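Participant: Provided below are the primary sequence and the corresponding predicted coordinates.
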Amino acid sequence: MAIDWHVLGAFISYLILMLLIGFVCSKRQENLGDYYLGGRKMNKWVVAFSAQASDMSGWLLMGLPGAVFLSGISEAWIGVGLGIGTYLNWKIVAGRLRRYSATFGDAITIPDFIANRLHDRSGITRMIAALIILVFFTFYTASGFVSAAKLFSVIFPVSYTTALLAGSVVVVSYTLLGGYMAVCWTDLIQGLLMFLAILLVPAIVICGVGGFSATVNQLNAINPNLLNVFTSANTGLACGGVALVSSFAWGLGYFGMPHILVRFMSIDRPEEMKGSRRIAMTWVVFSLIAAIVLGLVFHLFLKQHGLTLEQTGGDPEKCFMIMINGIFSNGIVVRIFAGFLLSAIMAAIMSTADSQLLVSASSFTNDIYNRIRRNASNRELIGVSRLAVAAVATVAAILALNTEGDFFKVVMKMVSFAWGGFGAAFGPLILLALYWRRLNLAGAVAGMITGSATCFIWKFLLAPRFGADYPIFNIYELAPGFILAFIATIAVALLTRPPSTEITAEFDSAKK
């Protein structure tokens with residue numbers, strides 16, 4: 001395959017813009033709070049777009065459409081769960097976390113907030129939370145690098161390894177330069193680009209086949225189960241309770257996502273949170289619907305062009321890229337425009353991977369390194385953070401290079417595991433830290449360990465061993481992990497010494 005210089009030119013222009021933003025933002029860092037939270041000076045538009053762009057990642061443009069292509073609209077229940085989870089996260093967590101994180105020692109990371117909220121002078125909660133973040137974000141970042149490799153392999157005649165390394169270098173470069181402020185401003189641009197691309201492409205395919213009614217009729221002709229919300233188009237089997245609970249359980253993950261929660265902590269004024277929530281929900285609802293439609297209309301695109309999935313490479317997660325190249329195929333201006341639309345996939349990947357790298361670095365530097373070397377200067381801490389970004393990215397890239405097993409080849413599988421791990425480890429703890437004054441240090445430790453351990457045990461031990469005979473073990477690991485962590489946190493807190501009057505008084509003050 002020859003290089004399409006028009007697409008390449010548009011793609012490189014977009015990447016240069018991202019790097020330029022990183023360079024400009026690097027000049028505005030005065031301390032560690034600026035590098036990690038932008039000095040709590042972010043406006044509602046930037047926070048809204050950054051939270052949702054960093055949330056959805058390449059999963060929105062690759063993982064979800066690919067799953068819908070295979071199994072039909074029955075996969076849309078994941079979108080419903082995510083939509084509900086997004087709203088509840090903005091409604092019941094965002095405002096309180098912004099106020100409480102500032103009240104409890106001006107916390108700048110999630111481990112920082114947990115430790116300050118519980119007056120943990122031992123550092124045990126910081127250490128456990130930081131290790132959980134480093135482990136699960138390494139898997140999550142690896143999924144972004146796999147997405148980048150798939151994108152580059154469709155656009156340019158390069159090997160998987162070359163594509164993966166190229167995408168990794170770009171993401172790491174501007175994260176190293178600009179820190180949180182660069183990440184947020186690039187997320188705003190990337191969120192707008194993702195929104196345009198994911199609405200435009202399926203709309204063009206629908207218009208091409210004669211409108212909405214014609215689309216429905218043709219999809220039913222291909223496979224009646226594609227539009228059946230309770231039946232898998234892939235297997236023809238009804239969606240049971242386990243599948244539905246698993247889909248809705250995705251919404252629980254939001255309460256424990258460090259790279260999303262930290263956005264709430266950075267908004268300029270808590271009063272702007274309501275407007276930010278409305279902006280975010282508009283983006284989420286339309287984007288999720290468009291992603292689901294995208295997976296469905298790929299069937300029509302293949303039919304229009306007389307192709308099969310195998311003839312396009314056999315990977316349904318590449319459907320968005322294949323449709324862009326097919327629709328915008330002729331003319332210099334058209335191909336340049338195609339380059340910018342393809343950049344939307346890179347935008348989705350970058351907007352999540354950069355956030356994950358930054359949160360991983362902040363957890364290591366602020367919650368581990370800074371506890372060991374307490375007299376480190378801001379310059380030294382920022383330097384260590386940049387080294388941590390490079391280290392996590394290196395490990396994630398090594399994992400992404402493993403193409404032997406399905407787990408590391410399929411974006412959806414890595415994302416779901418990392419999402420479940422964070423949701424179970426931190427979700428119950430964050431909710432209880434914000435709403436339950438009786439929470440204590442022992443309960444917090446028990447909850448984090450129980451949630452994260454349950455996800456590993458359920459995913460890699462219980463499901464493979466018992467799933468075939470007992471369907472309950474096929475449920476998404478986030479659901480049992482979240483429930484068990486919630487129970488463990490409350491039970492251990494009630495069975496151990498209550499928090500001091502100083503902690504409860506501080507909680508009451510923050511609540512007021």
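Facilitator: On my side now, so go ahead. Numbers count the residues shown, from 1 in each chain.
Participant: could you use CA atoms for every contact and neighbour count after this?
Facilitator: OK.
Participant: low-confidence ranges in the stretch 351-500 of the chain?
Facilitator: Scanning the stretch 351-500 of the chain with the threshold set as pLDDT under 70 gives 351, 403-412.
Participant: now do the strands in it.
Facilitator: According to DSSP state E, counting those that start in this stretch, the stretch 351-500 of the chain carries no segments that qualify as strands.
Participant: return the residues in contact with the closest residue to Val445 other than its chain neighbours.
Facilitator: Leaving aside its sequence neighbours, Val445 sits nearest to Thr125 (Cα to Cα, 6 or more residues apart in numbering; 6.2 Å). Thr125 makes contact with 111, 114-115, 441, 444-445 under the criterion Cα atoms under 8 Å, 6 or more residues apart in numbering.
Participant: I'd like to know which of these is nearest to Phe320.
Facilitator: Pro111 (37.1 Å; Cα to Cα).
Participant: with adjacent residues omitted, what lies nearest to the closest one?
Facilitator: Distances taken as Cα to Cα, 6+ apart place Arg126 nearest to Pro111, at 4.9 Å, with adjacent residues excluded.
Participant: in the chain, which residue is most central in space?
Facilitator: Central residue of the chain (Cα atoms, centre = their mean): Asp55, 3.6 Å from the mean position.
Participant: mind telling me what element that one is part of?
Facilitator: Element membership for Asp55 (DSSP states H and E) is helix 44-58.
Participant: list of residues touching the helix or strand following that helix?
Facilitator: Per DSSP H and E, the first helix or strand lying C-terminal to helix 44-58 is helix 64-71. Applying Cα under 8 Å, 6+ apart, the contact partners of helix 64-71 are 74-76, 226, 232-235, 291-296, 298-299, 315-320, 412.
Participant: dump helix 64-71 to PDB, restricted to CA.
Facilitator: Provided in PDB are the C-alpha atoms of helix 64-71 (Å, rounded to 0.1, in the frame of the first residue of the first chain):
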ATOM      1  CA  LEU A  64     -18.000  -0.300  20.900                       C
ATOM      2  CA  PRO A  65     -18.700  -0.100  17.100                       C
ATOM      3  CA  GLY A  66     -16.900  -3.400  16.600                       C
ATOM      4  CA  ALA A  67     -18.900  -5.100  19.300                       C
ATOM      5  CA  VAL A  68     -22.200  -3.800  17.800                       C
ATOM      6  CA  PHE A  69     -21.200  -4.900  14.400                       C
ATOM      7  CA  LEU A  70     -20.800  -8.500  15.700                       C
ATOM      8  CA  SER A  71     -23.700  -8.800  18.100                       C
END
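Participant: so for that helix, what's the average pLDDT?
Facilitator: The average of the pLDDT scores along helix 64-71 is 91.
Participant: chain center to it: distance?
Facilitator: Chain-centre distance of helix 64-71: 18 Å, with Cα atoms, centre = their mean, to the nearest Å.
Participant: quick check: angle from that helix to helix 44-58?
Facilitator: Counting by axes from the mean of the first three to the mean of the last three Cα atoms, to 10 degrees, helix 64-71 lies at 40 degrees to helix 44-58.
Participant: contacting residues around the next helix or strand after helix 64-71?
Facilitator: Per DSSP H and E, the first helix or strand lying C-terminal to helix 64-71 is helix 76-88. The contact list for helix 76-88 (Cα under 8 Å, 6+ apart) reads 68, 229, 244, 247-255, 277, 281, 284-285, 288-289, 292.
Participant: for the stretch 201-350 of the chain, which segments count as helices?
Facilitator: 212-222, 241-249, 258-266, 273-304, 319-327, 332-364 (DSSP state H, counting those that start in this stretch).
Participant: Ala393 reaches Val172, doesn't it?
Facilitator: Yes. Look at Ala393 against Val172 with Cα atoms under 8 Å: they come within range, at 7.2 Å.
Participant: shared neighbours of those two, anything?
Facilitator: With Cα under 8 Å, 6+ apart as the test, Ala393 and Val172 both reach Leu357.
Participant: so for the two, which residue has more residues nearby?
Facilitator: Ranked by neighbour count (other Cα atoms under 10 Å), Ala393 and Val172 place Ala393 first, with 26 against 21.
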